[in-house]
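J.: One predicted model, sequence on top.
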Amino acid sequence: MTRTKTRITEYIPKHILLLIIISQFCCTSLWFAGNGVMDELIQVYHLDASVLSFLTSAVQFGFILGTFVFAVFTISDRYSPSKVFMVSAFLAALFNCGLVIKGQSLTLLLILRFLTGFFLAGIYPVGMKIAADYYNQGLGKALGFLVGALVLGTAFPHLLSNITQHLPWETVIYTTSILSVLGGCLIFFFVPNGPFRKSSIKVDFTVLFKLFKNKAFKAAAFGYFGHMWELYAFWAFTPILIKTYNQMHPEAVLNISFISFLVIGSGCLSCAFSGIWSKQFGVKRSAFYILLVSAICCIVSPLSFYINSEVIFVAFLIFWGLVVVADSPLFSTLVAHNTAAETKGSALTIVNCIGFIITIISIQTLGFLQSMISNPTVIYLILAIGPIFGLVALKSKHKENESQLV
């Protein structure tokens, strides 16, 4: 059986992974499209500056509900993942474009971001499902490149905002929506169902409970949850981190949009390399040490604001941006390896769902602390809670399943 699977993997066209990566990048550029033009949204729609956490969380809420619906109804396991990906990409692009409607209220803006997030649930985890259907062997490496595409797509609106600063702000919204449609078409027309796909023929409402009875799966999922507590809060507040440094050092002239792109986008490199490293050092072990370094970054973050050197401060943020997401494809690999083929899509989706519920809490916690604590440099210490929790989960011993958690 193993030989047969290896032969199938060898005959998979090399362009398949490239197309999945490009499509994932194109579609996930919608994620922070609102953040890329946040200042313009605040000005045009006369909003309070505090809406950053609410508009970001609206996308997360939509993604959470979307992943829950997709997982409960086992959509990507019952239907062609490529078709699910394309339909989701088109609808997400449509609701993203709604941001340019003039004269709308904050409520409508939140609904539009929520619906964009809902259909992103048919893009990110479904993209991983498609990759898992093609790459049974070397899945960690494939997911490393795939999550790297997500990271670059997430950072792209910040770069786009910087490039198009002399153009209407709507340019960022239109561009990201067009990219999403392109990504959906690439998957639908050029990436058919993978050779390792096993279709689930009916809805199984008990699948979520069955998954967490597997202790190796649960350890991988809990490690991922700790990782997610830190990740999106760090990404959402990266512009605030840079803005705070500029305010504390009047001589500093850091370009917030461009540096935010560098910090967030740098993670695409570490995701790609972590997938390669894991083949040599083991997936679980690599995830553990990356999460440990990320926790250390959270703990020392207050000191970085007092460094009287823009270069060192930016270097620290870029390093943090590298390690904060490098373990993401590793956790997804552990989740995929510790579940049956016919429930793999649902497993990846429900873990994403719970993980993003956690991001809501951490983002809102940072927003609350920002308004309550006069010294903004210390609020990022709270992010260390997640990685520490994840480290404990990964360190736990499960005798009957330890061999599975590679």
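T.: Yep, it's here. Residues are numbered from 1 along each chain as shown.
J.: At which residues are the helices of the stretch 151-300 of the chain located?
T.: Using DSSP state H, counting those that start in this stretch, the helices of the stretch 151-300 of the chain run over 170-190, 207-211, 215-248, 256-265, 267-281, 283-304.
J.: I meant to write the stretch 1-150 of the chain there.
T.: Listed from the start of the chain, the stretch 1-150 of the chain has helices (DSSP H, counting those that start in this stretch) covering 2-10, 15-28, 33-36, 38-44, 51-72, 75-78, 81-97, 106-120, 124-134, 139-163.
J.: any chance of those helices in JSON lines, with mean pLDDT, mean neighbour count and distance to residue 385 too?
T.: For the C-beta atoms, the positions are set from N, CA and C on the backbone; glycine is no exception. Shown next, in JSON lines, are those (pLDDT from 0 to 100; neighbours: other CB atoms under 10 Å; distance: least, CB to CB, whole Å):
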{"stretch": "helix 2-10", "mean pLDDT": "45", "mean neighbour count": "11", "distance to residue 385": "39"}
{"stretch": "helix 15-28", "mean pLDDT": "91", "mean neighbour count": "23", "distance to residue 385": "26"}
{"stretch": "helix 33-36", "mean pLDDT": "84", "mean neighbour count": "27", "distance to residue 385": "23"}
{"stretch": "helix 38-44", "mean pLDDT": "85", "mean neighbour count": "17", "distance to residue 385": "26"}
{"stretch": "helix 51-72", "mean pLDDT": "85", "mean neighbour count": "23", "distance to residue 385": "18"}
{"stretch": "helix 75-78", "mean pLDDT": "78", "mean neighbour count": "24", "distance to residue 385": "31"}
{"stretch": "helix 81-97", "mean pLDDT": "96", "mean neighbour count": "23", "distance to residue 385": "31"}
{"stretch": "helix 106-120", "mean pLDDT": "94", "mean neighbour count": "21", "distance to residue 385": "24"}
{"stretch": "helix 124-134", "mean pLDDT": "85", "mean neighbour count": "27", "distance to residue 385": "24"}
{"stretch": "helix 139-163", "mean pLDDT": "83", "mean neighbour count": "25", "distance to residue 385": "22"}
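J.: is it possible to export these to CSV including distance to residue 215?
T.: Formatted as CSV, the helices of the stretch 1-150 of the chain follow (distance: least, CB to CB, whole Å):
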stretch, distance to residue 215
helix 2-10, 25
helix 15-28, 30
helix 33-36, 37
helix 38-44, 42
helix 51-72, 20
helix 75-78, 23
helix 81-97, 28
helix 106-120, 30
helix 124-134, 21
helix 139-163, 21
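J.: out of those helices, which comes closest to residue 216?
T.: Closest approach to residue 216 among those (CB to CB): helix 139-163, 15.5 Å.
J.: what's the angle between the closest one and helix 256-265?
T.: 180 degrees (axes from the mean of the first three to the mean of the last three CA atoms, to 10 degrees).
J.: Going forward, the N-terminal residue is numbered 422.
T.: New numbering, starting at 422: the last item is helix 560-584.
J.: tell me what helix 560-584 is packed against?
T.: For helix 560-584, the elements it packs on are helix 436-449, helix 454-457, helix 545-555, helix 591-611, helix 677-686, helix 688-702, helix 749-758, judged by 3 or more CB pairs under 8 Å, 6 or more residues apart in numbering; DSSP states H and E.
J.: angle of that helix against helix 704-725?
T.: Using the same axes, to 10 degrees: helix 560-584 against helix 704-725 is 30 degrees.
J.: nearest to residue 569, of the helices of the stretch 572-721 of the chain?
T.: Taking CB to CB, helix 688-702 is the member of those nearest to residue 569, at 3.7 Å.
J.: Quick one: mean pLDDT for the closest one?
T.: Across helix 688-702, the average pLDDT comes to 87.
J.: between the helices of the stretch 422-571 of the chain, which one is nearest to residue 748?
T.: Proximity to residue 748 (CB to CB) singles out helix 560-584 among the helices of the stretch 422-571 of the chain, at 9.6 Å.
J.: and that closest one, how far out from the chain's middle?
T.: Remark: helix 560-584 is offset 9 Å from the chain centroid, using CA atoms, centre = their mean, to the nearest Å.
J.: re the thing from before, switch the helices of the stretch 572-721 of the chain over to JSON lines; also include distance to residue 509.
T.: What follows is the helices of the stretch 572-721 of the chain, written out as JSON lines (distance: least, CB to CB, whole Å):
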{"stretch": "helix 591-611", "distance to residue 509": "7"}
{"stretch": "helix 628-632", "distance to residue 509": "21"}
{"stretch": "helix 636-669", "distance to residue 509": "20"}
{"stretch": "helix 677-686", "distance to residue 509": "23"}
{"stretch": "helix 688-702", "distance to residue 509": "22"}
{"stretch": "helix 704-725", "distance to residue 509": "28"}
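J.: Now the weakest link among the ones you listed, please, by mean pLDDT.
T.: Across the helices of the stretch 572-721 of the chain, helix 628-632 has the smallest mean pLDDT, namely a mean of 70.
J.: Would you mind telling me which of the helices of the stretch 422-571 of the chain is nearest residue 610?
T.: Nearest to residue 610 among those is helix 502-518; the distance by CB to CB comes to 8.6 Å.
J.: the inter-axis angle of that closest one versus helix 527-541?
T.: Using the same axes, to 10 degrees: helix 502-518 against helix 527-541 is 160 degrees.
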